[in-house]
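**Q** Give me a 3D structure for the following:
(chains A, B, C and D)
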There are 2 protein chains.
Amino acid sequence: MEKAFIEQVRSFNRAVTLGTGALNDSYLGRGRPLGQARLLFEIGHDGSDIGSLRERLGLDSGYASRLLKSLEADGLVAIESDSEDRRRRLVTLTAKGVSERAAYDALSDDLARSLLDGLSTGQRGRLVAAMAEVERLMNAASIAIAAEPEDSRDARLCVAAYYKELDERFEGGFDPGNGGYAGKPAEAAGVFLIARLHGRAVGCGALKPLDASTAEIKRMWVAPDTRGLGVARRLLAALEDEARRMGMERIILDTNRSLLEAQAMYRKAGYRDTGRYNDNPYADFFFEKELGALAG
Amino acid sequence: MEKAFIEQVRSFNRAVTLGTGALNDSYLGRGRPLGQARLLFEIGHDGSDIGSLRERLGLDSGYASRLLKSLEADGLVAIESDSEDRRRRLVTLTAKGVSERAAYDALSDDLARSLLDGLSTGQRGRLVAAMAEVERLMNAASIAIAAEPEDSRDARLCVAAYYKELDERFEGGFDPGNGGYAGKPAEAAGVFLIARLHGRAVGCGALKPLDASTAEIKRMWVAPDTRGLGVARRLLAALEDEARRMGMERIILDTNRSLLEAQAMYRKAGYRDTGRYNDNPYADFFFEKELGALAG
DNA sequence: CCATTTATCTGACTTTAGTCAGATATTGTG
DNA sequence: CACAATATCTGACTAAAGTCAGATAAATGG
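**A** Below is the predicted model:
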């Protein structure tokens, strides 16, 4: 890695903590400690239960309880037991809490505006564009890929989203029951990978062993709002690593003619067209790739 | 200001506090509280006195004293009285302190590297470029311009740097004693503006009343490493505002043929060429601008 | 030389943030 | 229904961060 790149990242870091340190003071400036302000923000318009608040902010149960109590004492939130499960407690913003939140919002807007204020119109446009680029790429960098059980909640959600998209994009729709997509038990244990962005599942891919030396890639999917970040490329590379680890020598896969980006990506990743190897009625193109030795 | 711009700034802010929140954890991870680690970083290679450390980090004197004491107890810094002013105390890093700092540095590098690691080569280049752009423009935005006494320390430093640069750039050099640059007392009180970036003086400009309706701009200078951020443009606009406030109707100025950027900037700001109005031997071009009404 | 200013230190204090071990109430399970 | 699991609360604690009022010692200005 180039030294200059690392230096630029660190320098950027210093600059934004100086510059947006001030931006984060929007949490302050209303005489409330940060912890309380963060909670106030995390309670959505429709309220939420204490458990999910705690999880989202990573708070200790006792700590969260006390913070909420002080917000309640200030008349900003109302806390009441969930009628369905009376152990659970629901937090909602009171009218005063809503306006307090709006005040924080206004403060935050003012600070953002004051940052832009000192700039010419051209500079403003360039700053905003560069910020969007940094944000996108930092998101791309913080995507983590890990194997998960194929029947976990997020795995099922990803696959459902995948099927839904296929149904929308294929001419004539898509039925998972057709073409060997459902049920058929795998010969050997496969791998199901999930890509996560800040905890949220934004992509998946499965590797299914066909015989001792060949595995098939299935269910490659990336959430629409996360495309263009290289998630698919990384999922593919991770699946290939898994395959090498399993002793596979060759990966094959099929895809539909309407999935143009997928075809381009596979070709770019070194996959070559090959002949039909199954009777999947949705498959129009077939790819294969010989795996080299395990890197690292 | 466009709503979308403000939203992008706020979204960027959230993204980087999430992403570089992790980067700032480099301050942690070595079992030392943040305050101590920040101090360790602020003490340069050559040490510094407690006062300037306090000022740079914005610490209370008692707090700073205690933090330094605990660093001293850990054998990381040495504190001794300044031989020139024995009230003042000088802090230097011990060998152990230097290596501890290096450890923090390595941690910081690792975190920066891990941010870049998840990206492709192309993405890396784009991220680093966008970061540099954001940094530059955030610096541009945080430049503050204010009037200061012409004989303040920073004012004198700026003017000295200005003269030095003229001497380097003019064919045949530049002598402040020549051409009415020094000494000559102003008819009425003028204004001296200094542009500061995070406290550091990075530019200056003076306004000198010539008669009841005409003022002259002199000593416009921007630090070389801060050029291209629009500092001069903003200084010029601020000087024009000052002139309007003083009831002036017209601004004039002269400049040397070697200062091409300056000529371009004046022309772009609405200045027109005019005839020689003084006997300054260094002046090759003369500009003037009629001031409109005071805005705002 | 004396009063004032300046630079730092000390003691006493507060607030924020966070942890941990139980206590309490409610719900699900055999 | 007893028992375990879950969701939250309470009490008792700690560490970090910061504030404030003097105390102390050295330098400065008349």
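**Q** what's the helix or strand that residue A:261 is a member of packed up against?
**A** Element membership of residue A:261, judged by DSSP states H and E, is helix A:260-268. Contacts defined by 3 or more Cβ pairs under 8 Å, 6 or more residues apart in numbering or on different chains; DSSP states H and E place helix A:260-268 against helix A:231-245, strand A:250-255, strand A:285-290. Every residue, glycine included, has its C-beta placed from N, CA and C.
**Q** Nearest to DNA strand C, out of those?
**A** With Cβ to the nearest atom of the strand, the closest approach to DNA strand C among the helices and strands packed on helix A:260-268 belongs to helix A:231-245: 30.7 Å.
**Q** what about the closest one, distance to the chain center?
**A** Relative to the centre of its chain, helix A:231-245 is centred 17 Å away, using Cα atoms, centre = their mean, to the nearest Å.
**Q** What lies in contact with that helix?
**A** Residues from elsewhere that reach helix A:231-245 (Cβ atoms under 8 Å, 6 or more residues apart in numbering or on different chains): A:140, A:143, A:145, A:147, A:191, A:193, A:195, A:202-207, A:215, A:217, A:220, A:222, A:251, A:262, A:265-266, A:269, A:289, A:291, A:293-295, B:118, B:120.
**Q** Please enumerate the helices of the stretch 51-200 of chain A.
**A** A:61-73, A:95-117, A:121-141, A:153-169 (DSSP state H, counting those that start in this stretch).
**Q** Which one, of these, ends up nearest to DNA strand C?
**A** For the helices of the stretch 51-200 of chain A, the distance to DNA strand C is smallest for helix A:61-73, at 2.8 Å, taking Cβ to the nearest atom of the strand.
**Q** so, in contact with DNA strand C or not, the closest one?
**A** Yes - judged by Cβ under 7 Å from any atom of the strand, helix A:61-73 and DNA strand C are in contact via A:61-63.
**Q** if we look at DNA strand D, which of those residues are close to it?
**A** If you filter the residues of helix A:61-73 next to DNA strand C for contact with DNA strand D, counting by Cβ under 7 Å from any atom of the strand, you are left with A:61-62.
**Q** before we move on, the earlier item: what angle separates the helix holding residue A:261 from strand A:285-290?
**A** 30 degrees (axes from the mean of the first three to the mean of the last three Cα atoms, to 10 degrees).
**Q** what number of residues lie near the residue in the stretch 151-296 of chain A positioned nearest to DNA strand D?
**A** Relative to DNA strand D, the nearest point of the stretch 151-296 of chain A is residue A:153 (14.8 Å; Cβ to the nearest atom of the strand). By the criterion of other Cβ atoms under 10 Å in any protein chain shown, residue A:153 has 10 neighbours.
**Q** just residue A:5 next, same as before
**A** Neighbours around residue A:5, by other Cβ under 10 Å: 18.
**Q** just residue A:76 next, same as before
**A** With neighbours defined by other Cβ under 10 Å, the count for residue A:76 comes to 23.
**Q** can you confirm residue A:258 is in a helix?
**A** No - read with DSSP: H, G, I helix; E, B strand; the rest coil, residue A:258 is coil and lies in no helix.
**Q** Could you find the closest non-adjacent residue to it?
**A** Spatial nearest neighbour of residue A:258, chain neighbours left out: residue A:169 (4.9 Å); criterion: Cβ to Cβ, 6 or more residues apart in numbering or on different chains.
**Q** Next, the buried residues of stretch A:156-165.
**A** If you call a residue buried by 16 or more other Cβ atoms under 10 Å in any protein chain shown, then stretch A:156-165 has these buried ones: A:158-159, A:161-163, A:165.
**Q** same question but for stretch A:90-97, I mixed them up
**A** Using 16+ other Cβ under 10 Å as the test for burial, stretch A:90-97 gives A:90-93, A:97.
**Q** Quick one: end-to-end distance for that stretch.
**A** Start and end residues of stretch A:90-97 are separated by 15 Å (Cα to Cα, to the nearest Å).
**Q** How far does that stretch sit from its chain's centre?
**A** With Cα atoms, centre = their mean as the basis, stretch A:90-97 stands 29 Å off its chain's centre.
**Q** One more: stretch A:153-173?
**A** Stretch A:153-173 has its C-alpha centroid displaced from the chain centroid by 17 Å (Cα atoms, centre = their mean).
**Q** average model confidence for it?
**A** Throughout stretch A:153-173, pLDDT has a mean value of 91.
**Q** go on, stretch A:251-270?
**A** Stretch A:251-270 shows a mean pLDDT of 95.
**Q** quick one: contacts of it?
**A** For stretch A:251-270, contacts defined as Cβ under 8 Å, 6+ apart pick out A:166, A:169-171, A:207, A:210, A:214-218, A:220, A:227, A:232-233, A:236-237, A:239-240, A:243, A:271, A:274, A:276-278, A:280, A:282-289, A:291.
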